[in-house]
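> quick one: sequence and predicted model below, then my questions.
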Amino acid sequence: MNFDLILRIGAKLVLPFILLFALYVQFHGDYGPGGGFQAGVIAASMVILVSITFGLQNARRIAPQGMVETMVPLGVLIFASVGVAGLAMGKNFLDYSVLSGDPRHGRHLGILLVEAGVFVTVSGTMIALFYAFVERGR
Amino acid sequence: MSAVRSQLPILQVLVPLLGAVLVAFLRRGTSAFALTLVVSWILPFVAGAMLLQVLATGPISYALGGWAPPIGIEYRVDVLNAMVLMLVSTVGAVIMPFAYRSVAFELDDSKEAWFYSMYLLCLAGLLGVAVTGDAFNAFVFLEISSLSTYVLIAMGPDRRALLSAFQYLIMGTIGATFYVIGVGFLYVLTGSLNMVDIAARLATVGPDQGQAVLTALAFITVGLSLKLALFPLHAWLPNAYTYAPSWATAFLAATATKVAIYLLVRYYFSIFGVAIDIRSLPIGDFIVGLSIAAMLVASFVAVFETNLKRMLAYSSVAQIGYITLGIGLANQAGLTGGLVHIVNHALMKAALFLAVGAMFYRAYTVELKDLAGIGRKMPLTTAAFTIAGFGLVGTPGTAGFISKWYLAVGALDKGWWLLVFLIVGSSLIALVYVGRVLEVVWLREPSVEIAKVRDPPLSMMAPLIVLTIATIYFGFDTEWTAGVASTAAKSLLGGLR
């Protein structure tokens, strides 16, 4: 297993930067291209790279099956809860302006939280799909 | 109370959506079922409150996120979609108790919670299509319901379920693509995605863009026809209904195609019909032609099917033909007949598929030859099948008669005598395929295996009995079926240019 030394060292070097880039895309989504969907895919690609270079067992230690299966509905729940907050405050569903005293700041916060939900669901779904393919039918 | 009332349109979608998410966390069959049951039983009250409000005070408009339409997404409820919402949520609520044993019987324990999660997601999608007033939002909900439907079908106990789900996925995706291309044309023409706004702006586009309007109409017609399984685009339906879990088949046969039909009616009468003179186009005659073909050919195929679920699936294709016939006729009686058949067919087909599901639960087969004499051992189930079967034929005293009566009157109003004979003729073919089943299940001697079966437990029997009583009840009291459908038809036809 020595001949893939370069691959493994290279992957180790790249891994933290993939995750950092995912977070950059996530939070940059407010001001430019990016957002939860793209960031979620990038973050999931990090787990997939771990799985390809270091084996499925090591990937499972980072992202266990149970956690991944929980992430899929969790993101939707975060998204929907942000919308329900509007309902609870007497406004319409998905009206983010209630989240803060200043309506503009509230809408900004709302988008941020919704994108976080998208990130959780998309990365969870990508990893779950990858696991399902690797295992060939659980 | 008024605070809740103003939020009803969003609650109709939000409650099943949140339910689906929470069920996905549970992972245990029984608790997942309990939560699904609660969610399913809330929804008819939401829909019922909206239906009463719409009948009393006119359409409801709801601005998502507080952004006023046509910029923001609008949920818009009038008599037509209030009726569809009421139908989908009521059928879901009534048949839900049946799922508990049937799903536990047919699916692995590990898949039960996912099944309920997918069902609620499908329900949210179907209700979303019906409640929204936004063309693109309707596409999103159509895909939410379709994708979850593929999963529901793939969970069927037979391995062939996977293949039929894949077949449906291909056809359904083509349908959705055609629909969204049509919406794209409308957006380019009008710059709007709000249905009311599209209709208003479409009326002002220049005559040089008439071709583009017709192209949009054609794409949307074909796309939705695939989703609603209009003959000859029905090829995905028989396999999907045959191999899906019994309960999922009953739910989908009663609701999924109906919602696509609703969307087609919405486009014809509330968008294109308002903007252009749709009755001068040959599209109505075209749909009448295909509907007649569906009524005759699919009924004829059903006569020779040996698998009970597949026979009922072909019967569904034929019955969808009756509904689209009413849309094609596009006069007061005809459209009322088509719309009321959405409701009546949903009740009868749900009852029939539940009865077959109950037989599968006890006898572990849906092959007609293996079910000989089962009527003597499962008398209540088979009686329910018989009554709903007679409803399908259109016997007076059942709900099916009401729809066919209106359709026949609609055909006479146009002076199409031949069509009346074709409606009666296709009913006679239905009598043949229903009668063939009745002969086998009632009159033959039960085999050794069948001699051991008995009627299913109360949780399965009660939904079946409720639907069967509804089939008879709505054959006499038509205020809430034909009455509402007639009101909807009047407002749709009144808006036509």
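Now that the structure is in, tell me what you want to look at.
> now residue B:71: how far from residue B:13?
Distance of residue B:71 to residue B:13, computed by CB to CB, to the nearest Å: 20 Å. Just so you know, the C-beta spots here come from the backbone N, C-alpha and C atoms, and that holds for glycine as well.
> out of those two, which sits in the busier spot?
For residue B:71 versus residue B:13, the count of surrounding residues by other CB atoms under 10 Å in any protein chain shown is larger for residue B:13: 26 against 12.
> give me the nearest residue to the more buried one, chain neighbours excluded.
If the residues on either side of it in the chain are set aside, residue B:13 comes closest to residue B:128, at 4.7 Å by CB to CB, 6 or more residues apart in numbering or on different chains.
> from what I can see the one you found touches residue B:144, true?
Yes: if you go by CB atoms under 8 Å, residue B:128 and residue B:144 touch, sitting 6.7 Å apart.
> contacts only, for the residue nearest to residue B:13.
Under the criterion of CB atoms under 8 Å, 6 or more residues apart in numbering or on different chains, the contact list for residue B:128 reads B:13, B:137-138, B:140-141, B:144-145.
> what residues sit buried inside the helix or strand harbouring it?
Element membership of residue B:128 [criterion: DSSP states H and E] is helix B:109-131. Buried residues in helix B:109-131, counted by 16 or more other CB atoms under 10 Å in any protein chain shown: B:111-131.
> low-confidence ranges in chain A?
Counting by pLDDT under 70, chain A has low-confidence residues at A:1-3, A:137-138.
> interface residues of it facing chain B?
Counting by CB under 8 Å from any CB of the partner chain, the positions of chain A adjacent to chain B are A:70, A:72-74, A:76-77, A:80, A:83-84, A:86-87, A:90-97.
> list the ones among those that fall in strands.
Cross-referencing these against strands under DSSP state E gives no overlap.
> please flag which of those residues sit within helices.
Under the assignment DSSP state H, the residues of chain A next to chain B contribute A:70, A:72-74, A:76-77, A:80, A:83-84, A:86-87 to helices.
> tell me the one of those nearest chain B?
Nearest to chain B among these: residue A:73, at 3.8 Å, using CB to the nearest CB.
> contact partners for the closest one?
The contact partners of residue A:73, by CB under 8 Å, 6+ apart, come to A:121, B:20-22, B:24-25, B:117.
> top helix in chain A by residue count?
Secondary structure of chain A per DSSP H: the longest helix is helix A:103-135.
> state the distance from the spatially closest residue to residue B:275 that is not a sequence neighbour to residue B:192.
Of all residues not flanking residue B:275 in the chain, residue B:202 sits nearest, at 3.5 Å (CB to CB, 6+ apart). Remark: distance between residue B:202 and residue B:192 (CB to CB) = 9 Å.
> for residue B:408, what are its contacts?
Each residue near residue B:408 by CB under 8 Å, 6+ apart is listed here: B:337, B:420, B:423-424.
> helices of the stretch 251-400 of chain B, start to end?
Ranges of helices in the stretch 251-400 of chain B, per DSSP state H, counting those that start in this stretch, are B:273-275, B:283-293, B:299-303, B:308-329, B:332-363, B:374-377, B:379-393, B:399-413.
> circling back to that earlier point, what is the longest helix of chain A packed up against?
Judged by 3 or more CB pairs under 8 Å, 6 or more residues apart in numbering or on different chains; DSSP states H and E, helix A:103-135 is in contact with helix A:5-28, helix A:36-54, helix A:65-88.
> for ChimeraX, what selects the buried ones among the residues of chain A next to chain B?
Applying 16+ other CB under 10 Å to these leaves a buried subset, and the ChimeraX line that selects it is:
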select /A:70,72,73,74,76,77,80,83,84,86,87,91,92,93,94,95,96,97
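> can you name the residues that contact residue B:496?
Contact partners of residue B:496, counting by CB under 8 Å, 6+ apart, are B:269, B:273-274, B:278-279, B:330.
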